[in-house]
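Student: coordinates only, sequence not included:
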């Protein structure tokens, strides 16, 4: 059975649910009785006759400050989470912030944006950006971690709740181990996979160790962990924001675009724009009383 899960960034009202039900009816769907996950915060609307594509087109962006994700009711609580880091589990793009210390943030941020939009090859863009950081003192990484890295709201609650309910959680980043290892530990991921920055005499060498962790690595990690854990693929969840997240998002049982670039949002099963990462808990049917403490 398909359901539309409505998740409010602030307050979900009965009128919002009625609006969503009317929209489903308007494209030929037959909505059932809505059920609250959390009163005033999140609710499910079951429906039949139309497919997920038609329902998503009718509902996404319909209600201000309310995310709507269309998905299957069965197996909604996932047992594997594979997540991107930059602008997903943390609020920044680490390489852009490192570039700020070198005085070239605007130049590197432009390349980052184009790569995340899918306009540039990810590996080539990463090489080009890291080359521009050559000579930056290694100590700047620690300074950047302390001064700039902030966890995305809801990150700890998401991973903590899923782990407590038996899920395996993996952080896979096209960023760098110098950030990802500590971020993964702070949030509670089981493991982290990321790129390694080469160093020379205490300074960035301007190169990245091979093989580069990019789109294929992210997808391969999801598939390998699914096989290792002997999971039905439907029990997997992937979340990210950039074009290099698209393959893993499409390979997951439920692929979510989080405040994502347009190409990524279009490729995903659903998108979260209004809420934070705790929306992924409501999406899995976890009421607030079952959440791990943030």
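Tutor: Alright, I've got the coordinates. These figures come from a predicted structure and were not determined experimentally. Numbers count the residues shown, from 1 in each chain.
Student: what are the ranges of the strands in the chain?
Tutor: 2-8, 30-31, 35-38, 42-48, 66-72, 80-83, 168-176, 191-195, 197-200, 203-208, 236-240, 254-258, 270-272 (DSSP state E).
Student: residues in contact with the fifth one?
Tutor: Around strand 66-72, the neighbours that count as contacts under CB atoms under 8 Å, 6 or more residues apart in numbering are 1-9, 12, 16, 20, 52, 55-56, 59-60, 62, 234, 254, 256, 269-275, 279, 283. Where you see a C-beta, it was placed from the backbone N, CA and C, and this is true even at glycine.
Student: among those residues, name the buried ones.
Tutor: In the contacts of strand 66-72, burial by neighbour count holds for 2-9, 12, 16, 20, 52, 55-56, 59-60, 254, 256, 269-275, 279, 283, counting by 16 or more other CB atoms under 10 Å.
Student: can you pull out the helices in the chain?
Tutor: 14-26, 52-59, 94-101, 105-116, 122-132, 139-148, 155-164, 177-187, 215-228, 246-251, 262-267, 279-283 (DSSP state H).
Student: out of the ones you listed, indicate the one that is most buried.
Tutor: helix 279-283 (a mean of 26; mean count of other CB atoms under 10 Å).
Student: which elements pack onto that one?
Tutor: Where contact means 3 or more CB pairs under 8 Å, 6 or more residues apart in numbering; DSSP states H and E, helix 279-283 is packed against strand 2-8, strand 66-72, helix 155-164, strand 254-258, strand 270-272.
Student: dump these to a markdown table, plus distance to residue 125 and mean pLDDT.
Tutor: A markdown table is the format used below for the helices and strands packed on helix 279-283 (distance: least, CB to CB, whole Å; pLDDT from 0 to 100):
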| stretch | distance to residue 125 | mean pLDDT |
| --- | --- | --- |
| strand 2-8 | 33 | 98 |
| strand 66-72 | 30 | 98 |
| helix 155-164 | 26 | 98 |
| strand 254-258 | 20 | 98 |
| strand 270-272 | 24 | 97 |
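Student: wait, which of those is closest to residue 86?
Tutor: strand 254-258 (11.4 Å; CB to CB).
Student: neighbouring strands for that closest one, and are they parallel or not?
Tutor: Sheet pairing for strand 254-258, assigned by DSSP bridges, gives strand 236-240 (parallel), strand 270-272 (parallel).
Student: which one of these lies nearest to residue 32?
Tutor: Taking CB to CB, strand 270-272 is the member of these nearest to residue 32, at 19.3 Å.
Student: what separates that closest one from the chain centre, distance-wise?
Tutor: Relative to its chain's centre, strand 270-272 lies at 9 Å (CA atoms, centre = their mean, to the nearest Å).
Student: redo the strands paired with strand 254-258 as a markdown table? Include distance to residue 169.
Tutor: What follows is the strands paired with strand 254-258, written out as a markdown table (distance: least, CB to CB, whole Å):
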| stretch | distance to residue 169 |
| --- | --- |
| strand 236-240 | 10 |
| strand 270-272 | 17 |
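Student: hmm, back to that, out of the helices and strands packed on helix 279-283, nearest to residue 201?
Tutor: Among those, the nearest to residue 201 by CB to CB is helix 155-164 (35.2 Å).
Student: what's that closest one packed up against?
Tutor: If you count contacts as 3+ CB pairs under 8 Å, 6+ apart, helix 155-164 packs onto strand 80-83, strand 168-176, helix 177-187, helix 279-283.
Student: I'd like those as JSON lines, with mean pLDDT and distance to residue 106 appended.
Tutor: What follows is the helices and strands packed on helix 155-164, written out as JSON lines (pLDDT from 0 to 100; distance: least, CB to CB, whole Å):
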{"stretch": "strand 80-83", "mean pLDDT": "98", "distance to residue 106": "28"}
{"stretch": "strand 168-176", "mean pLDDT": "98", "distance to residue 106": "19"}
{"stretch": "helix 177-187", "mean pLDDT": "98", "distance to residue 106": "21"}
{"stretch": "helix 279-283", "mean pLDDT": "98", "distance to residue 106": "32"}
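Student: make CSV from those and add distance to residue 194 to it.
Tutor: Listed next are the helices and strands packed on helix 155-164 as CSV, based on distance: least, CB to CB, whole Å:
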stretch, distance to residue 194
strand 80-83, 12
strand 168-176, 4
helix 177-187, 4
helix 279-283, 21
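Student: nearest to residue 93, out of these?
Tutor: Nearest of these to residue 93, taken as CB to CB: strand 168-176 at 7.8 Å.
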